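A.B. asks: 3D, please:
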Amino acid sequence: MVAEILHSGFDGLRLTIETDIPPAFRERLSAAKAEAVETNRECILDFGGIALGVRRSGGMAFSAHTGDMGAEWYFLDPENRPANNPGITVDFRAFLLATGGLRAAQAHLEACMLAFGIPYGENQVRVTRTDFAIDFLAPWFEPDRNDLVLPPKTKAVEFTGPSDSETHASGTRVTGLRAGKGESRQLVIYDKRTEVIEKGKAGWLKIWNATRASMGKPELDIKDPDQSRVWRFELRMGRKQLRERFDIRGWDDLNAQVGDAFTDFCERMRYCIPTADRNRARWPTHELWEAVTHTVALDLHENIAGVLPRDVKDANRNAHIRMLDRQLLGLFISRAAASGVTASDFSDFMENHINALQRASDEHPVPLDERIGKAAARYRWA
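C.D. replies: Got it, this is the predicted structure:
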């Protein structure tokens, strides 16, 4: 069956910045929040040429936004900032990402931070989530969580089933499903047309119709679901995947490797066509998931390094271990020669000398765990 891709691109991006807002900006935010509390509506604050909608909510912090083509901002109050919490969280809006991608998001961040008078460096930025979405015009499709093949929870070579997903429905019709966890890797498939209608997000209809116009096709009749049902496949990558698996931290890492992260996503989660085969890993891939995989590869081809940072670190660590082993062997041979040990006695010498070194370590004035910790701190892979 035929499915048109009406849109593809980044749909979410959240990052934190380890810094504090300056006193002048804090004072203005505090006044704007007080006004929002008094009037029970958001207060528009113009600071450095940037218009901020400051809300009455936020607790001891400041919650604001820079519009549909901007971002959500959450500023911790430097006078009440909890320890080890980043001072600023930025959640970029979907329409900014849909029309400008990562470049627009980075440009918006830099412009705002300059306007707010907040200096920062790349080493202070941490990417905590990013989403990539593909919108299909496929009125014939309805998701079924039984068709999902999900990654195992352990390292065993087996695939989990429907219990790891959830289905959403309206009446008897399925409107979407979700699998995985937001802090790690999550797939969401849902009826985007219904959301556009219910939440009045006409901007998406504009984007879809622009795509159809570029293909010489008429605008969607949004009132007719049998002709305009759009299903969104949304791939969400959380902090555990971005930071712990792919070592993606700041903008440079994101631009260089986010394609690797989403390519890996498409390999670990699949939407399939069920067969009688009890081994779900052998189920054929659904045509829409093949389109998802192809689109990710095409759209993010400039953001692929082709190798995981962890693999590079492991290779460097293993090479360093081999070098240390060669040095240890050379030192033992030199020590044996200095003691007049012959080749036939070398094995006994090694065993006895290791026991002597163990006793020397036990008698060392600095505890062993402290010495090992100091040595480990020299290695980034430790």
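A.B. asks: Flag the shaky bits of the stretch 151-300 of the chain, pLDDT-wise.
C.D. replies: 153-172 (pLDDT under 70).
A.B. asks: remind me, longest helix of this protein?
C.D. replies: helix 309-338 (DSSP state H).
A.B. asks: elements contacting that helix?
C.D. replies: helix 346-362 (3 or more Cβ pairs under 8 Å, 6 or more residues apart in numbering; DSSP states H and E). Every C-beta, even on glycine, is put in place using the N, C-alpha and C of the backbone.
A.B. asks: quick one: average confidence on the helix it packs on?
C.D. replies: Regarding helix 346-362, the rounded mean pLDDT is 87.
A.B. asks: list the buried ones in that helix?
C.D. replies: residue 350 (16 or more other Cβ atoms under 10 Å).
A.B. asks: Restricting to C-alpha, output that helix in CSV.
C.D. replies: Presented in CSV, the C-alpha positions along helix 346-362 are these (Å, rounded to 0.1, in the frame of the first residue of the first chain):
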residue,chain,number,x,y,z
PHE,A,346,61.9,-17.7,35.7
SER,A,347,58.4,-19.1,36.4
ASP,A,348,59.2,-19.8,40.1
PHE,A,349,60.9,-16.3,40.3
MET,A,350,57.7,-14.7,38.9
GLU,A,351,55.4,-16.4,41.4
ASN,A,352,57.6,-15.7,44.4
HIS,A,353,58.2,-12.1,43.4
ILE,A,354,54.5,-11.4,42.9
ASN,A,355,53.9,-12.6,46.4
ALA,A,356,56.7,-10.2,47.6
LEU,A,357,55.1,-7.3,45.8
GLN,A,358,51.7,-8.1,47.3
ARG,A,359,53.2,-7.9,50.8
ALA,A,360,54.9,-4.6,49.9
SER,A,361,51.5,-3.3,48.7
ASP,A,362,49.8,-4.4,52.0
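A.B. asks: which residues touch that helix?
C.D. replies: 332, 333, 335, 336, 339, 341, 368 (Cβ atoms under 8 Å, 6 or more residues apart in numbering).
A.B. asks: which among these gets closest to residue 18?
C.D. replies: Checking the contacts of helix 346-362 against residue 18 with Cβ to Cβ, the nearest one is residue 368 at 33.7 Å.
A.B. asks: quick one, what contacts that closest one?
C.D. replies: Under the criterion of Cβ under 8 Å, 6+ apart, the neighbours of residue 368 are residue 361.
A.B. asks: Which pLDDT value does the model give it?
C.D. replies: Residue 368 is assigned 87 on the pLDDT scale.
A.B. asks: Let me know the angle separating the longest helix of the chain from helix 346-362.
C.D. replies: Here helix 309-338 points in a direction 110 degrees away from that of helix 346-362 (axes from the mean of the first three to the mean of the last three Cα atoms, to 10 degrees).
A.B. asks: how much distance is there from helix 309-338 to the middle of the chain?
C.D. replies: 36 Å (Cα atoms, centre = their mean, to the nearest Å).
A.B. asks: That one - what's its average pLDDT?
C.D. replies: The pLDDT scores in helix 309-338 average 77.
A.B. asks: quick revisit: which pair in the contacts of helix 346-362 has the greatest spatial separation?
C.D. replies: Using Cβ to Cβ, those span at most 27.5 Å, a distance reached by 341 and 368.
A.B. asks: gap between the residue lying closest to residue 106 once chain neighbours are set aside and residue 126?
C.D. replies: Excluding its sequence neighbours, the residue lying closest to residue 106 (Cβ to Cβ, 6 or more residues apart in numbering) is residue 251, at 5.7 Å. Here the criterion is Cβ to Cβ, to the nearest Å. By it, residue 251 lies 11 Å from residue 126.
A.B. asks: Same question for residue 206.
C.D. replies: For residue 206, the distance to residue 126 - Cβ to Cβ - is 33 Å.
A.B. asks: Quick one: residues in contact with the helix or strand where residue 291 lies.
C.D. replies: Using DSSP states H and E, residue 291 falls within helix 287-299. Helix 287-299 is contacted by residues 1, 3, 5, 8-9, 132, 134, 136, 138, 141, 231, 233, 235, 259, 262-263, 265-266, 270-272, 285 when judged by Cβ under 8 Å, 6+ apart.
A.B. asks: if we go to 6 Å?
C.D. replies: Contacts to helix 287-299, defined as Cβ atoms under 6 Å, 6 or more residues apart in numbering, come from residues 8, 134, 233, 262, 266, 270, 271.
A.B. asks: So which of these are in strands?
C.D. replies: The strands, defined by DSSP state E, take in 8, 134, 233, 270, 271 from those.
A.B. asks: which one is the fourth one nearest to, not counting chain neighbours?
C.D. replies: Leaving aside its chain neighbours, residue 270 sits nearest to residue 149 (4.6 Å; criterion: Cβ to Cβ, 6+ apart).
A.B. asks: Rounded mean pLDDT for the helix or strand harbouring that neighbour, please.
C.D. replies: Assigned by DSSP H and E, residue 149 falls within strand 148-149. Strand 148-149 shows an average pLDDT of 89 in the prediction.
A.B. asks: what about it, distance to the chain center?
C.D. replies: So, by Cα atoms, centre = their mean, the centroid of strand 148-149 is 21 Å from its chain's centroid.
A.B. asks: do the same with stretch 259-273
C.D. replies: The answer for stretch 259-273 is 14 Å, by Cα atoms, centre = their mean.
A.B. asks: list the buried ones in it?
C.D. replies: For stretch 259-273, by 16+ other Cβ under 10 Å, it's 259, 260, 261, 262, 263, 264, 265, 266, 269, 270, 271, 272.
A.B. asks: One more: stretch 196-207?
C.D. replies: Using 16+ other Cβ under 10 Å as the test for burial, stretch 196-207 gives 196, 197, 204, 205, 207.
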